[in-house]
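Colleague: sequence? don't have it. structure:
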């Protein structure tokens, strides 16, 4: 089969859009980008605080669900992912977290120096157009717009001051490569009141190039092989069969879809493939293994209504907020999911933070359908252990690409994770007990002061814990032969297939995963270009 393209990229999410942008910079390279979802035309995608509406619309998400297990209180969890141009960057909370230098230097130790902070830091500098301007640790002229919250109410300032009282350093840019204890306003992928998804930042400019082709509505069934050499992909477009031939297949479908695609293609654990009568191309047990996720808990406290943003999402003030956004692109409707963030140590003797806290001056009534802001003032913290130790797995159960795989997180299966529960809950409570925030706290409403003993705290975490949409690790990169992909992201056991997304991380980075997904793709393009030249 003659190749129509040099590269076919499966998935137009954070990584796929960056790959399309970088690879198509060379006019001699023919690039095809495939997305199962449709165009990102819905107005709520682009309005930052429209994210709840988009996340409840099955047209724009994949409704992944985990298997119920004791660590999730025997309840299945939603691990929804974006299904549109931009992928999850079009439906996420827009908090922009780079990860720290020690993360990537540790990644380099497990793979190669191609992935150390020197290279990744340079990728970030090239990608970013940060509101604070260019510096040694950030970019100022890249395609991705990064801004800080414009609205800074008194409550937010007191939250940051309380962090300083806890010993955290207030920083203008909390994406500190040195990974010290710190607090500040959370950078976000928002510019002039609009979401800066990967599609907006990278794909829109690249689509003007004649050597880039973008197809939506394409559900890829499997990768095609001649022996163990990939020759392209096959699936359906708007329900009709399609096949695309390419010299190289780049799988960028995300930590949940990428291993499922490989397994359907005959690359994965042999026992899983045999059970489904899938011809085995390569027995690669690491495909779908090593799954990890941040499981956090949302704290909420009642505060005076005049200090909270809740009042701006109710009644006449909501109408005013919407009108302000409509005509000025500003106000609460232009904000991200969280306004502030902190990185802290549960134990002062640690060499780097092990807790992340995302904070916002509003709260939700989680018992309401649909969920809405509370009728009184509130403060919201989401806290979780940055580096979970538990490892789960993902397996397909059918050859049908429209059937989502089984996901088993194995929450609570590691002693270290269980030991962190009490530490992080105690830390959150100490935090709000600091001046000048403490006098404003009227009551802990979630989970509530009644959860006090060790047993009760463990119960609170089971009942109120939830996934933070940061799943990764299912196609682990490494220099060891047992890894799913090698240090150049090539899938072991086959040729001309690479995985380029957060599934390749062997361990959890220190924070949210959107920015690292973009950086891994930016750096992958460097490696692909290097190989082409050689």
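Modeller: Cool, got the structure. Remember, predicted model here, so these are calculated numbers, not experimental data.

Colleague: CA atoms for contacts and neighbours, from now on please.
Modeller: OK.

Colleague: Give me the average confidence score over the helix or strand hosting residue 527.
Modeller: Here residue 527 sits within helix 514-533, counting by DSSP states H and E. When pLDDT is averaged over helix 514-533, the result is 93.

Colleague: now for it, which elements pack on it?
Modeller: helix 14-23, helix 117-127 (3 or more Cα pairs under 8 Å, 6 or more residues apart in numbering; DSSP states H and E).

Colleague: how about the longest one: buried residues?
Modeller: It refers to helix 117-127. 117, 119-127 (16 or more other Cα atoms under 10 Å).

Colleague: Okay, helices next: where are they in the stretch 101-250 of the chain?
Modeller: 101-110, 117-127, 154-165, 198, 204-206 (DSSP state H, counting those that start in this stretch).

Colleague: next one: the stretch 251-400 of the chain
Modeller: 257-264, 270-275, 315-328.

Colleague: What lies in contact with the last one?
Modeller: Which is helix 315-328. Outside helix 315-328, the residues that touch it by Cα atoms under 8 Å, 6 or more residues apart in numbering are 193, 311-313, 330-334.

Colleague: How far does the helix or strand bottoming out on mean pLDDT in the chain sit from its chain's centre?
Modeller: Using mean pLDDT, DSSP states H and E, helix 51-55 stands out as the lowest-scoring helix or strand of the chain, at a mean of 90. Put simply, helix 51-55 sits 16 Å off its chain's centre (Cα atoms, centre = their mean, to the nearest Å).

Colleague: Make TSV out of the helices and strands packed on helix 514-533 and add mean pLDDT and distance to residue 277.
Modeller: Output for the helices and strands packed on helix 514-533, formatted as TSV (pLDDT from 0 to 100; distance: least, Cα to Cα, whole Å):
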stretch	mean pLDDT	distance to residue 277
helix 14-23	98	30
helix 117-127	97	41
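
Colleague: Let's have those in JSON lines, adding distance to residue 380.
Modeller: Shown next, in JSON lines, are those (distance: least, Cα to Cα, whole Å):
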{"stretch": "helix 14-23", "distance to residue 380": "27"}
{"stretch": "helix 117-127", "distance to residue 380": "30"}
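
Colleague: before we move on, back to that, considering the contacts of helix 315-328, which possesses the most neighbours?
Modeller: The most neighbours of any of these, using other Cα atoms under 10 Å, belong to residue 334, which has 27 neighbours.

Colleague: which stretch among the helices of the stretch 251-400 of the chain comes nearest residue 503?
Modeller: helix 257-264 (7.6 Å; Cα to Cα).

Colleague: Show me what that closest one is packed up against.
Modeller: Helix 257-264 packs on strand 218-226, strand 393-395, going by 3+ Cα pairs under 8 Å, 6+ apart.

Colleague: Flag every buried residue along it.
Modeller: Buried, per 16+ other Cα under 10 Å, within helix 257-264: 257-264.

Colleague: again with stretch 61-77
Modeller: Judged by neighbour count (16+ other Cα under 10 Å), stretch 61-77 contains these buried residues: 61-69, 71-73, 77.

Colleague: Let's have those in CSV, adding distance to residue 432 and secondary structure.
Modeller: Compiled in CSV, the buried residues of stretch 61-77 are given as follows (distance: Cα to Cα, whole Å; DSSP: H, G, I helix; E, B strand; the rest coil):
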residue, distance to residue 432, secondary structure
61, 35, strand
62, 36, strand
63, 35, coil
64, 34, coil
65, 33, strand
66, 33, coil
67, 35, coil
68, 33, coil
69, 32, coil
71, 27, helix
72, 27, helix
73, 27, coil
77, 29, coil
